[in-house]
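# Sequence first, then the predicted structure, then my questions.
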Amino acid sequence: MKTDANNDTPLLDVADLVVDYRRGRTTFRALNGVSVTIGAGECVGLVGESGSGKSTLGKAILGLTEVTSGRISFAGSDITHAKGAARRRLAADLQVVFQDPYGSLDPTLTVGHILAEPLTAAGTGRAEARKAVAEMLDHVRLPADTVTRYPSEFSGGQRQRIAIARALVRRPRLIVCDEPVSALDLTTQAAVIDLFIDIQRETGVSYLFVSHDLGVVRRICHRVSVMYQGECVETGPNETITRNPAHSYTRRLLLASPVADPARQAERRRSWLGLRTATGSPVP
Ligand SMILES: Nc1ncnc2c1ncn2[C@@H]1O[C@H](COP(=O)(O)OP(=O)(O)OP(=O)(O)O)[C@@H](O)[C@H]1O
């Protein structure tokens with residue numbers, strides 16, 4: 001595994017994480033002892049069905065939800081409960097791209113303003129911020145005149161490129177990508193995934209790539225962790241997880257993910273139904 005440049009410490013080290021949500025008078029355990037590491041320049045995929053806890057893990061890393069127990073370390077520092085100024089300092093290194101390209105950009109601001117704001121808020125001068133914004137637009141393959149336009153003037157895929165540029169503008173070391181392509185049509189998805197791959201090659205940034213779609217994760221990630229009911233049931237290299245999964249839940253997830261060939265899809269569906277019947281409903 002690739003690790004932090006100067007030592008053997010992973011860039012991100014999540015150990016035995018527990019997150020409980022309050023539901024009225026009871027609590028619901030959304031994460032139950034989850035451990036994940038990400039090295040420098042590595043992309044780790046987080047897959048699992050809806051409700052398995054993927055977004056909760058992303059939110060805990062970003063400080064958007066309270067951690068019940070366990071530890072999150074970033075570049076060797078404990079950030080489990082980082083808040084206020086400590087959390088704001090982390091924003092230089094730790095960024096996020098959300099699923100919804102329509103809701104995540106302020107419609108009242110020009111794209112230039114949206115992209116420059118994280119830099120000027122951190123004390124960068126206007127001229128330097130303008131230069132960095134132009135570079136970022138180039139990185140995400142958007143034309144220079146994008147700066148004067150508003151988010152509503154762009155398609156979903158273009159908006160997601162703007163959101164990626166905003167996440168990149170402070171040159172972070174890790175981006176949490178929470179279902180960043182699931183709201184896009186298949187062709188746009190493929191182009192945005194290619195962009196994520198190119199950016200990683202160009203900048204060496206790491207990704208935690210959350211997706212319910214193993215097909216997407218197969219294209220972009222070095223390693224994959226599989227979540228099921230708040231637990232991480234399997235972690236391994238992309239090839240191993242997507243070709244030879246050890247856990248029965250991963251096999252089901254794999255068989256349920258769509259493939260382009262309809263005949264193969266039908267065969268996989270039959271196989272999936274057979275597997276369900278053979279193993280019964282509850283997954284071990
Ligand atoms: N703020 C909250 N309060 C109470 N329960 C929550 C809260 N947020 C999430 N949950 C519950 O925690 C569990 C995990 O949710 P989470 O959003 O992390 O799953 P997910 O795998 O990301 O699902 P999806 O793919 O649908 O986004 C779900 O049962 C969800 O209902």
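That came through fine.
# all contacts plus neighbour counts: C-alpha atoms, from now on.
Fine.
# tell me the contacts of the residue in the stretch 151-284 of the chain that the ligand sits nearest to?
The ligand sits closest to H212 of the stretch 151-284 of the chain, with a gap of 5.9 Å, by Cα to the nearest ligand atom. Counting by Cα atoms under 8 Å, 6 or more residues apart in numbering, H212 makes contact with 46-50, 179.
# Out of those residues, who's the most crowded?
Counting neighbours by other Cα atoms under 10 Å, L46 comes out on top of these with 30 neighbours.
# Adjacent strands (with direction) for the helix or strand in which that one is found?
Using DSSP states H and E, L46 sits within strand 43-47. Applying DSSP bridges to the sheet, strand 43-47 is found paired with strand 206-210 (parallel), strand 223-228 (parallel).
# How about residues contacting it?
38, 54, 206-214, 217, 220-227.
# I'd like the next helix or strand past that strand.
Next along from strand 43-47, by DSSP H and E: helix 54-62.
# going on from that following helix, what's the next piece of helix or strand?
strand 69-74.
# tell me what that following strand is packed against?
strand 12-23 (3 or more Cα pairs under 8 Å, 6 or more residues apart in numbering; DSSP states H and E).
# helix or strand right after the strand it packs on?
Going down the chain from strand 12-23, the next helix or strand is strand 26-38, by DSSP H and E.
# Poorly predicted segments of this protein, please.
Along the chain, segments meeting pLDDT under 70 span 1-7, 258-284.
# can you rerun that using 90?
Applying pLDDT under 90 to the chain picks out residues 1-9, 23, 49, 99-104, 122, 139, 182-187, 212-216, 218, 242-284.
# Now do the helices in it.
54-62, 84-90, 111-121, 126-139, 156-168, 186-203, 214-220, 238-243, 248-256, 262-279 (DSSP state H).
# residues from the stretch 101-250 of the chain in reach of the ligand?
Residues of the stretch 101-250 of the chain lying near the ligand by Cα under 6 Å from any ligand atom: H212.
# now the residue most central in space within the chain: how far from R23?
Against the mean C-alpha coordinate of the chain, by Cα atoms, centre = their mean, the closest residue is C177 at 2.3 Å. As defined by Cα to Cα, to the nearest Å, C177 lies at a distance of 27 Å from R23.
# E231 now?
Computed as Cα to Cα, the E231 to R23 distance reads 20 Å.
# still on that earlier bit, contacting residues around the residue nearest to the centre of the chain?
96-99, 207-210 are the contacts of C177 under Cα under 8 Å, 6+ apart.
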